[in-house]
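>>> structure, please.
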Amino acid sequence: PGYSKDSLYNVLYLLHGISGDHNEWYTYGAPNYILNNLYANNKIAPMIVVMPNGRAMADDSPGSNPYSADKVAGFANFELELINDLIPYIDSIYPVKKDRLSRAIMGNSMGGGQALNFGFNHLDTFAWIGGLSPAVNTKAPANLIPNINQDTAKISGIWLACGTDDNLLSVSQGVHNYFVQEGVKHYWDLETGK
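Take a look at the predicted model:
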């Protein structure tokens, strides 16, 4: 609401799960309603939300087997496409703030793993990182933030969430437990159910 080319906006890169594509959030997550409610209650600053297809490959559809090796590799390959192509493109055509403190990455399931992997690997690009039920593509907790003592000072916010009955709970719980052990400040949201 109130979008103006004369304003500068924060940017959220919102990534989808393994069976989805760039339409998944609109189809199942209703980000437009969530954001509008948050704006109406003055709980968030205005932002541009980018919901890309997170598979970097010629056929970037989920296909009949989204778990095939080439499709899974497409999710890992998206890191360079995001950093080298998509972010510079968004920065060039939209009135966005181009500093890391104004840029966030978050994703669900496979996209949650991407968000954690890419966000912590590019702390010069992202200051806000979130994973919703991050999947098994998530790096081992000890490898997510290699220079934990130096790098955590660069992070403005980390958010992890999962359901108690989600089959990916062990991934989220492992990252959460590691952060607790290492004293990494983060928000942990464990919800009942899936």
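>>> show me the strands in this protein, by range?
Using DSSP state E, the strands found in the chain span residues 10-15, 47-50, 103-108, 128-132, 157-163, 187-191.
>>> CSV for those, including mean pLDDT, distance to D60 and mean neighbour count?
All C-beta atoms are positioned from the backbone trio N, CA, C, and that covers glycine. Below are the strands of the chain laid out as CSV (pLDDT from 0 to 100; distance: least, CB to CB, whole Å; neighbours: other CB atoms under 10 Å):
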stretch, mean pLDDT, distance to D60, mean neighbour count
strand 10-15, 98, 13, 23
strand 47-50, 96, 15, 17
strand 103-108, 98, 16, 26
strand 128-132, 97, 21, 25
strand 157-163, 97, 26, 19
strand 187-191, 96, 30, 13
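>>> just send these back as CSV, with distance to D85 too.
Shown next, in CSV, are the strands of the chain (distance: least, CB to CB, whole Å):
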stretch, distance to D85
strand 10-15, 13
strand 47-50, 12
strand 103-108, 15
strand 128-132, 20
strand 157-163, 26
strand 187-191, 30
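>>> I93: which of those is closest?
Across those, I93 has its closest neighbour in strand 47-50 (10.4 Å, CB to CB).
>>> wait, what's in contact with D189?
Going by CB atoms under 8 Å, 6 or more residues apart in numbering, D189 touches W159, L160, A161, C162.
>>> appreciated, that's everything.
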